[in-house]
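Q: What follows is a protein structure lacking sequence information:
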C-alpha cells in the first residue's frame, strides 16, 4: 500500500531546538521535562537542564539499576540481576516488580509501570504493574510484545514482532481495553514514546517519525524532517516527555531538546482505511492477573 504525503511548512524555528550538553561517553535514554536519565560509562546517571543549554549536573554511582524511563518521582529500568525494577527518588525505595527476567521501560505520575518480561519461550511479553499488582498483557497475538512507554492517561505504546521479523507499533488503552494500530511509512515501525496527548515518536520505514490519530481513528506516523527547520538532520529520537517535548540527536551526535510544539503542526493526512480492523476490544481476552514474587528493597542512596 503506497501512501501519498504533501509538503508541510513548519512553524518551528531554530530556537525550538535547544542544544544539550552531556559528558563524553554518556547515554541518555529517558526524559521528564527538564530531567534526563541514562548512564555515564557503567554508572546510571541523571542530567538536569538548568535554563538555557542543558548541562550535566551530576550522577548516581550507587544506583542499583539501569534507567530506561522516568516520571518526576520514579525511575524505571532493570535491576543488576536483570529483572524489572523501579526506584522512588523521594524515598529511596527500590521495588523489584517480578522475579522473571526483563525490564521496566517507563512509569507515569500515578506510578503505573510498563515493560516486558521473558516468556518461557524466551520472547518478550508486555506487562503493567499498578498498585503492587503485576499484570501480564501477553503478546497480543504476535510473536513478541515490548511495552515501551506510558503516558498519564494510561495509554501504552507497544512494539510487536510478527512472523518474518516484521515490527509494528500499537497503542493499548488501559481504560477501554482497546488496541489501536499505528500506520507507518512502510517497512518496520518501532515506537519509543507517547505523550499525554497521545502523540507518538519513533522510527518507521527507516526514518525518524512522529504520529498522532488520523480521521480513521488510527495512529498515523509522519517523517519528523517535515516538522523541523531545514538544515538540521535529525537521525534519532531518544525519549519523549509527558508534555510532548522530544530528546533528539543529529547525524553528528549532537543532542537537542525539541519543543513540544512540533506536534501542533499540521501533519500530512492519510484517511484511507488500512487493511484489517484498526482497533480490537481486548478486555474479554486479557489474561488473569498474575503476581510474581514482588520484592521490595530499601537501600541507602549516595
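A: Right, received. Where do you want to start? Keep in mind it's a predicted model, so treat the numbers as computed, not measured.

Q: Could you use CA atoms for every contact and neighbour count after this?
A: Fine.

Q: Could you list the low-confidence segments of the stretch 151-300 of the chain?
A: Across the stretch 151-300 of the chain, the ranges flagged by pLDDT under 70 are 265-300.

Q: Which strand or helix spans residue 142?
A: Residue 142 belongs to no helix or strand when elements are defined using DSSP states H and E.

Q: Please name the residues that touch it.
A: By Cα atoms under 8 Å, 6 or more residues apart in numbering, the contact list for residue 142 reads 160-163.

Q: what do you get if the cut-off is 7 Å, keeping everything else the same?
A: Contact analysis of residue 142 by Cα atoms under 7 Å, 6 or more residues apart in numbering lists 160-162.

Q: Of these, just say which sits nearest to residue 170.
A: Proximity of the contacts of residue 142 to residue 170 (Cα to Cα) peaks at residue 160, which lies at 7.5 Å.

Q: Make sure that closest one is indeed in a helix.
A: No: under the criterion used here (DSSP: H, G, I helix; E, B strand; the rest coil), residue 160 is strand, not part of a helix.

Q: Which residue, other than its chain neighbours, is closest to it?
A: residue 145 (4.6 Å; Cα to Cα, 6 or more residues apart in numbering).

Q: Also residue 115?
A: Per Cα to Cα, 6+ apart, closest to residue 115 is residue 104, 4.1 Å.

Q: what about that neighbour, distance to residue 146?
A: 10 Å (Cα to Cα, to the nearest Å).

Q: what does residue 162 give?
A: 12 Å.

Q: Residue 211 versus the residue nearest to residue 234 when sequence neighbours are not counted, what's the distance?
A: Excluding the flanking residues, the one nearest residue 234 by Cα to Cα, 6+ apart is residue 250, at 4.2 Å. Relative to residue 211, residue 250 is positioned 20 Å away (Cα to Cα).

Q: With neighbour numbers in mind, choose between these two.
A: residue 211 (24 against 14; other Cα atoms under 10 Å).

Q: any idea what the more buried one is structurally, helix, strand or coil?
A: On the basis of three-state DSSP, residue 211 is classed as strand.

Q: Report the separation between residue 233 and residue 85.
A: With Cα to Cα as the criterion, residue 233 and residue 85 are 35 Å apart.

Q: Could you do residue 161 as well?
A: 24 Å.

Q: sorry, back to before: my read is that the residue nearest to residue 234 contacts residue 231, right?
A: No: with contacts defined as Cα atoms under 7 Å, residue 250 does not count as touching residue 231, sitting 10.5 Å away.

Q: Thought residue 222 was touching residue 213, still the case?
A: No: in this structure, residue 213 is not within contact of residue 222 by Cα under 7 Å, at 11.2 Å.

Q: In terms of neighbours, single out the busier of these two.
A: Set residue 213 next to residue 222 and count neighbours by other Cα under 10 Å: residue 222 wins out with 24 against 17.

Q: Can you tell me the strand partners of the host helix or strand of that one and which way each runs?
A: Using DSSP H and E, residue 222 sits in strand 219-223. With DSSP bridges as the test, strand 219-223 is paired with strand 178-183 (parallel), strand 207-213 (antiparallel).

Q: could those strands go into a markdown table alongside distance to residue 260?
A: Formatted as a markdown table, these follow (distance: least, Cα to Cα, whole Å):
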| stretch | distance to residue 260 |
| --- | --- |
| strand 178-183 | 20 |
| strand 207-213 | 11 |
